[in-house]
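Visitor: Show me the folded form of this:
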Amino acid sequence: MRFLFSLLLVIICGTPAYSVDPLKVGVVVDAPFVMKNGATFTGIAVDLWNEVAQGLERPYQFVEVCCADIDKPFETLKRNEVDVLVGALSVSSNRYQMADFTLTTYLDKIIVLAHLDYFHTVLSFLKTFFISIGGILSIFIIIFFIYIHLLWYYERPYAKSIPDNYKQGISHIFWHHIVSGRYSEVPRSFVGKMLILCQRAIFYIILIMLNATLISFLTVSLSRSAHPFQSFSDLQKHKVGAIKDSKPYKAGIEAGLKVIPLNSLEAGVKALEEKKIDGYLASYSDVDFYLKENPNPSLGISNFELKQDPYVFATPRGSPLSREINTQILKLRSKNIPEKICKEYLPSGVKNCQL
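Guide: Numbers count the residues shown, from 1 in each chain. The predicted structure is shown next:
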């Protein structure tokens, strides 16, 4: 009887369900990374954690913690109230004192939302196009000018058709190329032969460059070029808005921009419509998710970024769980799982998951 009781005790203690407590996963609600629907949570960070947890083979339960974008959620880690924190969590020196951070799960960016200006696009397109083509054609003309002079100098002793007079000789070779596209006689001097070979090679290269430039301009995205803010210098000349005390707001202030405080992304879009501001500073993920839910073809995201903002998971200081999570994140990256998760929430920000 005592033997059977001991055997039963060993079996119970050796069962993982009894020996492993579920992990307490703190979630900071901040769309599209954590979204609450009744008693359930979804979002990029939540779905990614679900994949990580499968690899850890540990039971877990979600615990909602308040206050996105401030340090309070990290205090729950410091007090060991949760085992891991997930959401739109960025790294700061203050937070580093309270938690350990995993590998980056999403690379967010602070960008500018603004009305697209297609008239500006056409002018900018033509200006850039003619500068690029003009540069290539200038090189072509200079090389051609040098070529016909050297060809006249070295071939006139051998070719009777080439006049000895400088003006007439240069004109003769020039019009031969214009009419027939090449020098019709076989050069007799060694230098003349080398000049013909070099001329053919260089002109073919220039032709390829012209074709490549033309194709690149024809295939450029109109919406990309239509954005009024193509560089930071463009931004300095205009009024911009941002949610008060948010990361984009602070980044704009630090950069010396004139930033008008607003209450929400919706208020920012309204201010753009009413032309109270020229641009709206926000996280790429927030704007991308908003435009997915509220399509507006007149609005566009800037090509340049004001600042990068890597998001992570966080664990208590010294916790071995951080290393285990990193191992699972690397495995998920090798299978492109983060990219697949992002596709469900972000139409164009998927590339930010390709870490």
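Visitor: need the strands for the stretch 151-300 of the chain, in chain order.
Guide: All strands of the stretch 151-300 of the chain, identified by DSSP state E, counting those that start in this stretch, fall at 240-243, 259-262, 279-283, 299-301.
Visitor: Give the other helices and strands that the shortest one contacts.
Guide: When contacts are defined as 3 or more Cβ pairs under 8 Å, 6 or more residues apart in numbering; DSSP states H and E, strand 299-301 sits against strand 106-115, helix 284-293. The way it works is simple: take the backbone N, C-alpha and C, and place the C-beta from them, glycine included.
Visitor: For the first one, name the packing helices and strands.
Guide: Which is strand 106-115. When contacts are defined as 3+ Cβ pairs under 8 Å, 6+ apart, strand 106-115 packs onto strand 84-90, helix 247-254, helix 265-273, strand 279-283, helix 284-293, strand 299-301, strand 307-316.
Visitor: Nearest to V112, out of these?
Guide: Closest approach to V112 among the helices and strands packed on strand 106-115 (Cβ to Cβ): strand 279-283, 4.3 Å.
Visitor: rewinding a little: a markdown table for the helices and strands packed on strand 106-115, including distance to I325?
Guide: Compiled in a markdown table, the helices and strands packed on strand 106-115 are given as follows (distance: least, Cβ to Cβ, whole Å):
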| stretch | distance to I325 |
| --- | --- |
| strand 84-90 | 7 |
| helix 247-254 | 24 |
| helix 265-273 | 30 |
| strand 279-283 | 23 |
| helix 284-293 | 21 |
| strand 299-301 | 31 |
| strand 307-316 | 6 |
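Visitor: hey, least reliable of these by pLDDT?
Guide: Here the helices and strands packed on strand 106-115 differ in mean pLDDT, and the lowest is strand 299-301 at a mean of 85.
Visitor: Near S171, how many other residues are there?
Guide: When counting by other Cβ atoms under 10 Å, one arrives at 14 neighbours for S171.
Visitor: any weak-confidence spans in the stretch 101-250 of the chain?
Guide: Residues of the stretch 101-250 of the chain that meet the criterion pLDDT under 70 lie in 117-129, 181-186, 214-227.
Visitor: mind listing the helices for it?
Guide: Taking DSSP state H, counting those that start in this stretch as the criterion, the stretch 101-250 of the chain carries its helices at 118-155, 166-180, 190-218, 222-226, 232-236, 247-254.
Visitor: Out of these, which one sits most buried?
Guide: Counting by mean count of other Cβ atoms under 10 Å, helix 247-254 has the highest mean neighbour count of the helices of the stretch 101-250 of the chain, with a mean of 19.
Visitor: what does it rub up against?
Guide: Residues lying outside helix 247-254 but in contact with it, judged by Cβ atoms under 8 Å, 6 or more residues apart in numbering, are 69, 90, 110, 240, 242-243, 259, 261, 281-283, 306-307, 309.
Visitor: next one: stretch 328-344
Guide: In contact with stretch 328-344 (Cβ under 8 Å, 6+ apart) are residues 44, 47-48, 51-52, 55-56, 102-103, 105-106, 349-350, 352-355.
Visitor: buried set for it?
Guide: Judged by neighbour count using 16 or more other Cβ atoms under 10 Å, the buried positions of stretch 328-344 are Q328, I329, L332, R333, I337, P338, E339, I341, C342.
Visitor: Could I get these in a markdown table, plus columns for secondary structure?
Guide: Output for the buried residues of stretch 328-344, formatted as a markdown table (DSSP: H, G, I helix; E, B strand; the rest coil):
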| residue | secondary structure |
| --- | --- |
| Q328 | helix |
| I329 | helix |
| L332 | helix |
| R333 | helix |
| I337 | helix |
| P338 | helix |
| E339 | helix |
| I341 | helix |
| C342 | helix |
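Visitor: now those as TSV including distance to W175 and pLDDT?
Guide: What follows is the buried residues of stretch 328-344, written out as TSV (distance: Cβ to Cβ, whole Å; pLDDT from 0 to 100):
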residue	distance to W175	pLDDT
Q328	73	95
I329	69	94
L332	68	93
R333	63	92
I337	66	91
P338	64	91
E339	60	90
I341	66	91
C342	62	89
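Visitor: and which of those is nearest to N37?
Guide: Within these, distances to N37 taken as Cβ to Cβ reach their minimum at I341, with 16.9 Å.
Visitor: That closest one and T102: what is the separation?
Guide: In this view, I341 and T102 are 16 Å apart by Cβ to Cβ, to the nearest Å.
Visitor: Now for the nearest residue to Y290 once chain neighbours are set aside, how many residues are close by?
Guide: In space, not counting the residues next to it along the chain, Y290 is nearest to L265; the distance is 5.5 Å by Cβ to Cβ, 6 or more residues apart in numbering. L265 has 21 neighbouring residues, counting by other Cβ under 10 Å.
Visitor: hang on, isn't L265 packed against S285?
Guide: No: using Cβ atoms under 8 Å, L265 is not in contact with S285; the gap is 11.3 Å.
Visitor: circling back to that earlier point, quick one, which of the strands of the stretch 151-300 of the chain is packed in tightest?
Guide: Taking mean count of other Cβ under 10 Å as the contact definition, the stretch among these with the greatest mean neighbour count is strand 279-283, which reaches a mean of 27.
Visitor: May I have the strands that pair with that strand, each with its orientation?
Guide: Strand partners for strand 279-283, identified by DSSP bridges, are recorded as strand 106-115 (antiparallel), strand 240-243 (parallel).
Visitor: and these, which is most packed in?
Guide: strand 240-243 (a mean of 26).
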